[in-house]
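S.K.: quick one: sequence and predicted model below, then my questions.
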Amino acid sequence: LEPAGTLLASLATNFLIGMTAFLAFCFLRTRMPVLYEPRLLHGNLKNVYGLPSSFLGWIRPVIALTDEQIFEECGLDATMQVLFLRFCLKQFVFCCLFGLVVLMPVFSVGQNGVTGLDSISMSNLESKSPKLWAALISAYLFSFSCFYFVRQVWLKYIEYRVRYFHRFKPHNYSALIQNLPPNTTSEALNNKMVTIFDDVLACHVLCDTNQLKDLIEERTNAMEKLDRVRWQMGKAYYYQESHNNTMEQMVVLNDGADGTMEGPLLSQRSYGTAGTSQPPQPVMVRTGCCGHKVDGLQFYSRVLASANAEIEELQATLEDSAALWPSAFVTFGSVKSASLAASSSLTSRPGEYLSAPAPGVRDVVWDNLRYTYHTRFVRTCIVDFCIGFLLLFYTVPLAFVASLTSLEELSKALPFLKPVTDKNPAFKAWLQGFLPTLTLTIFMAVLPLLLSYMAYLKGVYSHSLAQADVIRKFFLFQIQVFFVSLLAGSAFDQIQKLIDHPSDIMSLLGESVPATGVFFTNYVMLLAFSGSLLELLRIGPLIVMGFRKYVLSKTPREVKLAQKPEAYDYGSYLPEELLVLLVAFVYATAAPLILPFVVFYFAFRMLVFKYSIVYVHKRDFESGGTMWPLIFSRMIASMLIYQITLIGVATLKLSPVISTLLVPLLAITTYFYYHCVWYYQQPVQHCPLEDAATESKERVSELDLDAYRQPEFKLQVANTLEDEDNKSLRHDEALDGRVERLVHASAESDNLSHTSSFRTASVSDRTV
């Protein structure tokens, strides 16, 4: 089958899916703001206005979002992600222009006798062809342009990293101390730290809180059941009285912004009619599986009051009696002291008082701080061994799937396909162009979940460290997937050849890379059109939210929880972008036809990410941009693979001069990596003392000294459910006020810019 046919079939399919998703999103965006603009509705955007209500009016404001706005609204992690995507866009726009203007015309006049799409790739260059000099020039141009654009990102990283350290946040004034000697109390740690630093404000040695967690879980269950009982009482009485009273006599109830009821408190609302004193009918519940029925309102109220009393009592006494963990947080009166404590050795005794920068309060994985250094080391070794075992044997199912991506091999496994494809060339082109890339995408979707679970098993003490570990491990699987996909169709034979003759890796790469350009072009096309634009539509969250709201949620409080936006998972999206980066680098010279689709991919990813991170996803935690060095190292690894591949192609084309001239590029790239690590990364790994010394100490008295107490001790229980309702109602009123002010500001901004009017985010709009 002509490769051009499979490419066009894949392009048509992916374009159709992507445009359908895009148009559906534009239609649903203004009708389902709870799903598509939850951050705007909750009023926690300070420097970003709302979006126009016109069909395509949202695109221009999203593109116009500046790095400064994203830094202020979404943090340094989101800012570095935008800078990384912008780097990719600049790099491959440059590569695309050179590839379309220079490389493809040069390759098209080759004399190797190939036809179709292969005629505009390096496959069309005959052995010892002088046109290989174009590939050499492109390798140096692409590499040095990458160095230039990466340097710009590093300079921005340093600027924002210093500003991140200057933020008045508890983690900038705190340090994490691990591997404390057994039975070290907060007072003992404080006495030790004050001998080293003169501005220690608080020390919190962590302890076992399982007993308190059980009580809190019991309290939560009682509150949920009590909430359901009271809601059932209200509904039953409301519908009972509606037959005997006119609508004017009934208390009018409206749905609130987040599913709560406006007007009376939950304990008072929908229990009767105006002027009626008749109490609602009680809801009877069983006290156990075979227990007798009792009044649910009284029973769960007693359970809640009892749990609250036990929690308050245990909160006051548990810290002095519970088993102590070997971890603690120390808060200082200056960023300088915190930086010194986090980056210095606190004792000469090996393995004790190991210090590190404190993660953000919401970033901490509290349960994993119970482990000592040796326990965490053993767990890490076991998990890494399991991942290595998985990486080794993952080749077998991956090679099987890769072999099925060839239509001939698939026809052998599924014989009924052969007569269908023989009679229908269009279906055959679609199957061969779309099925292999879809199979590879689905096969890779499971890995982030598995790797994330294994990262937490290691005992990492922060969510950002878990995501960083996912990125590290997933990159190894990406390289494996890349090489196995290169050998698709005869994977097992080629793998056996590599095992027998490992030195043939370069010639094998040189042979396989130009020949598989169409497959990876289809793969990037799938991610660019179908993947990115389907992410914008949010089909998965739409189904999950609808199921939780209309099936699982029984009360307004549960509806409110079901509508909460989820956090952005960098560990799931960054590996995909790094894989596209690897593919784009490797094929930038060998098959430049892929470059326009790479540009589309990163352009769509930039648009989708900006919209999602600003208007959709909440920010649970922040790592302070620590993932950028990981991205940079994987980027350099991708460049090295690209350069090694070109050396293999030149060797296969019997051009020793070109191969020799490409070798220095490996040394230059390696030197550039170590230069950036030493010159740019090291100075801002911790807060520079020069910058820390210039901080103002006027607000130190405002620090929350209990920020790093365990959450179970900071929980403030309410005596009754009415107290919870009061807090919820006050939050709803504040939310409505913030949204109205935001809409008013949006309208003023819209008038100034002469664009279409901003829609009013009213209470009735904010429901699914």
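M.R.: Structure received.
S.K.: counting neighbours, what do you get for E159?
M.R.: 13 (other Cβ atoms under 10 Å). (Glycine included, C-beta is placed from N, CA and C.)
S.K.: part of a strand, is it?
M.R.: No - with the criterion set as DSSP: H, G, I helix; E, B strand; the rest coil, the secondary structure at E159 is helix rather than a strand.
S.K.: so it versus G625, what's the distance?
M.R.: When Cβ to Cβ, to the nearest Å is applied, the distance between E159 and G625 equals 11 Å.
S.K.: does D704 touch P170 like I think?
M.R.: Yes - between D704 and P170 there is a contact at 5.9 Å, judged by Cβ atoms under 8 Å.
S.K.: which one of these two has more residues nearby?
M.R.: A direct count of neighbours by other Cβ under 10 Å for D704 and P170 places P170 higher, at 19 against 14.
S.K.: confidence score at the more buried one?
M.R.: Reading off the per-residue confidence, P170 sits at a pLDDT of 90.
S.K.: need the nearest residue in space to it, chain neighbours excluded.
M.R.: Excluding its sequence neighbours, the residue lying closest to P170 (Cβ to Cβ, 6 or more residues apart in numbering) is A707, at 3.9 Å.
S.K.: confirm for me that the one you found is in contact with G360.
M.R.: No - with contacts counted by Cβ under 8 Å, A707 stays clear of G360, the gap being 9.6 Å.
S.K.: more neighbours, these two?
M.R.: Taking neighbours as other Cβ under 10 Å, A707 and G360 compare with G360 leading, 22 against 19.
S.K.: can you map out the strands along the protein?
M.R.: Read by DSSP state E, the chain holds these strands, from start to end of the chain: 174-178, 200-207, 284-286, 293-295, 324-332, 354-357.
S.K.: closest to R605 out of those strands?
M.R.: Nearest to R605 among those is strand 354-357 (29.9 Å), distances taken as Cβ to Cβ.
S.K.: next, the buried residues of that closest one.
M.R.: By neighbour count with 16 or more other Cβ atoms under 10 Å, strand 354-357 contains the buried residues L354, S355, P357.
S.K.: what pairs with that strand, parallel or antiparallel?
M.R.: Paired with strand 354-357 in the same sheet, following DSSP bridges, are strand 174-178 (antiparallel).
S.K.: quick one: the residue nearest to P170 from S334, how far?
M.R.: As defined by Cβ to Cβ, A707 lies at a distance of 16 Å from S334.
S.K.: could you check how far stretch 102-112 is from the centre of its chain?
M.R.: The gap between where stretch 102-112 is centred and where its chain is centred comes out at 41 Å by Cα atoms, centre = their mean, to the nearest Å.
S.K.: please list the outside residues in contact with that stretch.
M.R.: For stretch 102-112, the surrounding residues in contact (Cβ atoms under 8 Å, 6 or more residues apart in numbering) are 119-126, 129, 131, 134-135, 138, 589, 592-593.
S.K.: dump the residue contacts of the residue nearest in space to the middle of the chain.
M.R.: Centre of the chain computed as the mean C-alpha position; nearest residue by Cα atoms, centre = their mean is D569, 1.8 Å away. Contact criterion Cβ under 8 Å, 6+ apart gives P448, Q467 as the residues in contact with D569.
S.K.: ok, now which ones touch Q81?
M.R.: Taking Cβ under 8 Å, 6+ apart as the contact definition, Q81 lies against Y570, L574, F609, I613.
S.K.: what about 7 Å?
M.R.: Counting by Cβ atoms under 7 Å, 6 or more residues apart in numbering, Q81 makes contact with F609.
S.K.: what distance do you get for it to A338?
M.R.: Computed as Cβ to Cβ, the Q81 to A338 distance reads 26 Å.
S.K.: check G531 too.
M.R.: In this structure, G531 lies at 41 Å from A338, with Cβ to Cβ as the measure.
S.K.: which of the two has more neighbours?
M.R.: With other Cβ under 10 Å as the criterion, G531 and A338 differ in neighbour count, and A338 comes out ahead with 28 against 22.
S.K.: any stretches of the stretch 451-600 of the chain with poor pLDDT?
M.R.: In the prediction, the stretch 451-600 of the chain carries residues with pLDDT under 70 at positions 485-516.
S.K.: hey, where'd the helices end up in it?
M.R.: With DSSP state H, counting those that start in this stretch as the criterion, the stretch 451-600 of the chain has helices at 463-486, 491-500, 505-515, 517-525, 532-537, 539-547, 556-562, 570-590, 595-611.
S.K.: could you single out the most deeply buried of these?
M.R.: helix 517-525 (a mean of 25; mean count of other Cβ atoms under 10 Å).
S.K.: quick one, that one and helix 570-590 angle?
M.R.: Orientation of helix 517-525 against helix 570-590 (axes from the mean of the first three to the mean of the last three Cα atoms, to 10 degrees) gives an angle of 150 degrees.
S.K.: elements contacting helix 517-525?
M.R.: Using 3 or more Cβ pairs under 7 Å, 6 or more residues apart in numbering; DSSP states H and E as the contact criterion, the neighbours of helix 517-525 among helices and strands are helix 3-28, helix 425-445, helix 570-590, helix 595-611.
S.K.: what separation is there between F197 and L304?
M.R.: The separation that F197 has from L304, given Cβ to Cβ, amounts to 44 Å.
S.K.: and those two? Which one has more around it.
M.R.: Looking at F197 and L304 with other Cβ under 10 Å, you find the greater number of neighbours at L304, namely 24 against 19.
S.K.: how about low-confidence regions in the stretch 601-750 of the chain?
M.R.: Segments of the stretch 601-750 of the chain classed as low confidence (criterion: pLDDT under 70) are 696, 718-750.
S.K.: okay, helices next: where are they in it?
M.R.: Listed in chain order (using DSSP H, counting those that start in this stretch), the helices of the stretch 601-750 of the chain are 627-652, 656-676, 689-692, 711-714, 721-753.
S.K.: any idea how far the second one is from the chain center?
M.R.: It stands for helix 656-676. Between the centre of helix 656-676 and the centre of its host chain there is 33 Å, according to Cα atoms, centre = their mean.
S.K.: also the third one?
M.R.: In terms of Cα atoms, centre = their mean, the gap separating the centre of helix 689-692 from the centre of its chain is 31 Å.
S.K.: use 8 as the first number for this chain going forward.
M.R.: Okay, residue one is now 8; in that scheme the one you just asked about reads as helix 696-699.
S.K.: which secondary structure elements does it contact?
M.R.: Short answer (3+ Cβ pairs under 7 Å, 6+ apart): helix 696-699 packs on helix 342-350.
S.K.: repeat that for the first one.
M.R.: Using 3+ Cβ pairs under 7 Å, 6+ apart as the contact test, the elements touching helix 634-659 are helix 83-105, helix 139-172, helix 470-493, helix 512-522, helix 577-597, helix 663-683.
S.K.: state the distance from S560 to M642.
M.R.: For S560, the distance to M642 - Cβ to Cβ - is 44 Å.
S.K.: let me fix that, I meant to ask about M461.
M.R.: The spacing between M461 and M642, counted by Cβ to Cβ, is 24 Å.
S.K.: what about the two, which has more around it?
M.R.: Each of M461 and M642 had its neighbours counted (other Cβ under 10 Å), and the higher figure belongs to M642 (22 against 19).
S.K.: perfect, that will be all.
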